[in-house]
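Participant: Below are the sequence and a predicted model; questions follow.
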Amino acid sequence: MTPNPPAKPKGRMQLGNVVKGRIAKPLRILLHGPEGIGKSTFAANAPAPIFLAGEDGTAELDAVRFPEPTTWTDVLDAVNELATVPHDYQTLVTDTVNSIEPLCWQHVCEKHGFKTIEAPGFGKGYLAALDEWRVLLARLEHLRTTRGMTLIFLVHTVVRNFKNPEGEDFGRYVPKINHNAASLLCEWSDIVLHAKHEQFTHEVNGRARGISTGERVLCTQRTAAYDAKNRHDLPAELPLDWQSFAAALAQRPAAIQGELDAELARATDDVGARVRKALEAAGDDFTKRKQILIHLAALNSSQAKETPK
């Protein structure tokens, strides 16, 4: 008789370990904008920040900083220090990603024996650098999870040509780093923001003239002109200061609830009952509650059009 094979040890991926509901975690933010617009000032007003500064953007700020990193190992060591040593800091600000990217390239060249990051050709050096960026992101994610720290990347911006598959190409503001690294960091971030000066065009003698109001604006939603994203239904534009940003984050759940209450008051009894059941199942998941609101508003509008006057 063939003996039964020994039972394999159970791993973590079991139904008994399933977690349900929204998981609140500190934010991962990437902010890109032109030099001198106030990116460092924005981050300096985040909760209890410490800067990993590779340039002098914080020179005029009363900020706490690590020594300026001169190697990629310095960057990783700073993250490890925050992860292992007791402290009261709540936010790590990398100021700027542009200043530490050359350190990453230098590390890659030394590790693989490249003369320059472009020496391997066909972008292979930049792809090798992505492995080092992933190491950094993994350590930052560990820091975020174990110490509850908010993570902010500050990046200078640049206009690059966008290959438009649906029409003519056009220029866009994007992070001023290698496009592979920019895609990785933007994808990893919960919120991508673009900082700009508020400006308008005015026609003078048949020619368009640019007029700046002097206001600095924080853009939260992607447009044809710049990269941005958020999962919190933030207004498309906010003043460029941490207080306005934090207030908008805090107000959105209450604002959504107000809109839901208004739409529920318009809904028929059977629709209202189904929606309340869906809201109960959604709990405090903001994204699901927003989706329910969108569907409810569309249904109410549709029924209003069908109702004879």
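Facilitator: Happy to help now that I have it. Numbers count the residues shown, from 1 in each chain.
Participant: Please pull out the lowest mean pLDDT helix or strand from this structure.
Facilitator: strand 207-219 (a mean of 71; mean pLDDT, DSSP states H and E).
Participant: What average pLDDT does the helix or strand following it get?
Facilitator: Scanning forward in sequence from strand 207-219 by DSSP states H and E, the next helix or strand is strand 237-239. Taken as a whole, strand 237-239 carries a mean pLDDT of 95.
Participant: now stretch 86-106
Facilitator: So the average pLDDT for stretch 86-106 ends up being 97.
Participant: residue contacts, N80?
Facilitator: R139 (C-beta atoms under 8 Å, 6 or more residues apart in numbering). (C-beta placed from N, C-alpha, C; glycine too.)
Participant: Number the chain from 34, please
Facilitator: Done: numbering now begins at 34, and the last item shifts to N113.
Participant: From A330, how far out is it?
Facilitator: 48 Å (C-beta to C-beta, to the nearest Å).
Participant: Please apply the same query to E313.
Facilitator: 19 Å.
Participant: Tell me which of the two has more neighbours.
Facilitator: A330 (16 against 8; other C-beta atoms under 10 Å).
Participant: Give the residue spans of the protein that score low on pLDDT.
Facilitator: Applying pLDDT under 70 to the chain flags residues 34-42, 50-57, 232-246, 340-342.
Participant: got the contact list for V308?
Facilitator: 297, 300, 325, 329.
Participant: Correct me if wrong, but it is in a helix.
Facilitator: Yes - if the criterion is DSSP: H, G, I helix; E, B strand; the rest coil, then V308 is within a helix.
Participant: element containing the residue nearest to L176 when sequence neighbours are not counted?
Facilitator: Using C-beta to C-beta, 6 or more residues apart in numbering and skipping the chain neighbours, the partner closest in space to L176 is A116 (4.8 Å). A116 belongs to helix 105-117 when assigned by DSSP H and E.
Participant: Pairing partners for the helix or strand following that helix, with directions?
Facilitator: For helix 105-117, the following helix or strand on the C-terminal side (DSSP H and E) is strand 124-128. Its sheet considered, strand 124-128 pairs with strand 82-86 (parallel), strand 183-195 (parallel) by DSSP bridges.
Participant: Next, the residues that contact strand 124-128 from outside, please.
Facilitator: 72-73, 76-77, 79-88, 90-91, 112, 115, 133, 173, 176, 182-187.
Participant: same question, stretch 169-187
Facilitator: 58-65, 72-73, 76, 79-80, 82, 90, 108-109, 112-113, 115-116, 122-130, 217-218, 221-222.
Participant: what about 7 Å?
Facilitator: Contacts to stretch 169-187, defined as C-beta atoms under 7 Å, 6 or more residues apart in numbering, come from residues 58-64, 72-73, 76, 79-80, 108-109, 112-113, 115-116, 122-130, 218, 221-222.
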